[in-house]
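In: Sequence first, then the predicted structure, then my questions.
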Amino acid sequence: MAEKNMPMREALRAALREEMLRDESVFVMGEEVGAWQGTHRVTRGFLEEFGPKRVRDTPISEMVIAGAAVGAAMAGLRPVAEIMTINFAFLAIDAIINHGAKVHYMFNGQFKCPMVIRCASGWGNQATATHSHTPEPIFAHFPGLYVACPANAYDAKGMLKAAIRDDNPVLFTESIALYPKPSPVPEEEYVLPIGKSDVKRHGKDVTLVTYARGVEWSLQAADMLAKEGIEAEVVDLRWLRPLDLEPVFESFKKTNRCVVVEESLPHFSFGSEIAAQLQEAAFDYMDAPIQRVSAMDVPLPYAAEIELMALPNAQKVVDAVKRVL
């Protein structure tokens, strides 16, 4: 299969374009997706190719964007709504959670809501406390809403195509730091299954469970640990809902030790959920307490050096692994 090295933003753009060409019911909407070509340039050239009916610039109102997406999806279309950053999704949480995630259940299956809400996520670049959230675990809390967290260009393209084709609402999160990062992407069409984790690296000494940007830190840490003879297995969840923990359980039963790596905050976190499910399902295999690596429990500072201090990194993962070993 022929492959092309491309940044994650270009892989997302390719996925969107292919799905819009394949299915006329797919359209994109959001602030600056048309004339400005998308805040992160994912919809570059779409207005010229597909026209204003299918590439719709919206008012600066996230509740309007998400609410209109819910209505369009219920009426038979497949909207892909872009919310500029996930920080602004809090303004749309009523439409996303109380309507999009619940409509199929509340109407006993008479309606479905095949919409995708795309959000740029993650901390960094001195965006300060109100523009630097990584709240994917909050949205994963609610049944009825799928939550996608791709870690590279290959996964991003295959997962976005699957999300657009699915009949359930999907919050599709894209780590800002990963937009320019390239990886090999097949030139032939492919779609990745929804709700399937992926082992990014095999090892026998410790299991690193992670998603999104945490995969990058975990793989870097695994390379550092390998120089000391420690082989880490990296399991990328890819989807926080539906959640596939079978590869995590299988890996943990082999390594008997686990570190959970996430960019989100430490309290009431996804790391807590993984630790709880591991002790319920595989307590007899546990040889050390599960460790968690996350952002520090603070609003993100503006100063660049202090901001980096508050974020996870590969060295923090290495230190956690050495604690469990």
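Out: Received the coordinates, thanks.

In: pLDDT wise, what is T39 at?
Out: T39 is assigned 87 on the pLDDT scale.

In: ditto for G124
Out: The model reports G124 with a pLDDT of 68.

In: how distant is the helix or strand R17 falls within from the center of its chain?
Out: Following DSSP states H and E, one finds R17 within helix 8-22. The chain centre lies 17 Å from the centre of helix 8-22; the measure is CA atoms, centre = their mean, to the nearest Å.

In: With stretch 144-152 instead?
Out: Averaged C-alpha coordinates place stretch 144-152 at 4 Å from its chain's average position (CA atoms, centre = their mean).

In: what pLDDT, on average, does that stretch get?
Out: 98.

In: now swap in stretch 272-282 and tell me
Out: Rounded mean pLDDT across stretch 272-282 is 97.

In: Contacts for it next, please.
Out: 137, 209, 245, 248-249, 252-253, 258, 260, 286, 290, 292 (CB atoms under 8 Å, 6 or more residues apart in numbering). In this view, the C-beta of every residue, glycine as well, is placed from N, C-alpha and C.

In: ok, back up a step: and the next helix or strand past the helix holding R17?
Out: Remark: after helix 8-22, the chain's next helix or strand is strand 26-30, criterion DSSP H and E.

In: So what are the sheet partners of that next one and their directions?
Out: Strand 26-30 has its sheet partners listed here by DSSP bridges as strand 55-57 (parallel), strand 78-83 (parallel).

In: So for it, mean pLDDT?
Out: Strand 26-30 shows a mean pLDDT of 98.

In: May I see the buried residues of whichever helix or strand comes after it?
Out: On the C-terminal side of strand 26-30, the closest following helix or strand by DSSP H and E is helix 46-50. Within helix 46-50, the residues scored as buried using 16 or more other CB atoms under 10 Å are 46-47, 50.

In: got it, and stretch 216-230?
Out: For stretch 216-230, using 16+ other CB under 10 Å, the buried residues are 216-219, 221-222, 224-225, 230.
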